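**Student:** Based on what follows, work out the 3D shape:
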Amino acid sequence: METFLETSFQNVRSPKRTKVFHKDLLNEVLNANHDWAEYDWQYEYKLPVDGFGGTFDIDIAGFVNGELKVAILGKALNSNINKNIKNYANTSVGEAARLMFAPDLNLDKVLFISVLP
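**Tutor:** Numbering: from 1, shown residues only. Next up, the predicted model:
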């Protein structure tokens, strides 16, 4: 996570920052969950149908034999944190509903990880 934290306030809307964040976040998760190392991991996976009939972008998705098993939803909060603090909880609840009510989805884990640099 050091790489991300060192550059967190640079290019805050850049896809380059997001790529570093996702890579570092997955490394942290895999360090804590060694049995997931064999999963097939994809960044910014688009779930074709969520619980409300739309698509849903999962920051980091872990697959076993082609089946989605782990969804990692990461937030890197940099500014306006106090102004938006209740929105973050609402976002988490909404994202959970979109995943948990998605048809034909049998997830083992949904992780919400917020990083406050």
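
**Student:** so who does T91 touch?
**Tutor:** T91 sits next to K75 when contact means CB atoms under 8 Å, 6 or more residues apart in numbering. Where you see a C-beta, it was placed from the backbone N, CA and C, and this is true even at glycine.

**Student:** So what sits opposite the residue nearest to the spatial centre of the chain in the bridge?
**Tutor:** By CA atoms, centre = their mean, the mean C-alpha position of the chain lies nearest to L73, the distance being 2.1 Å. Beta-bridge partners for L73, by DSSP bridges, are F112.

**Student:** pretty sure it is in contact with K109, am I right?
**Tutor:** No. If you go by CB atoms under 8 Å, L73 and K109 don't touch, sitting 11.0 Å apart.

**Student:** moving C-terminal of the lowest-mean-pLDDT helix or strand in the chain, what's the next helix or strand?
**Tutor:** Ranked by mean pLDDT, DSSP states H and E, the weakest helix or strand in the chain is helix 2-7, scoring a mean of 58. Following helix 2-7 in sequence order, the next helix or strand is helix 15-32 (DSSP states H and E).

**Student:** Need the contact partners of whatever helix or strand comes next after that following helix.
**Tutor:** Counting by DSSP H and E, the next helix or strand C-terminal to helix 15-32 is strand 40-47. Residues from elsewhere that reach strand 40-47, judged by CB under 8 Å, 6+ apart: 18-19, 22-23, 26, 55-64, 66, 68, 99, 102, 105.
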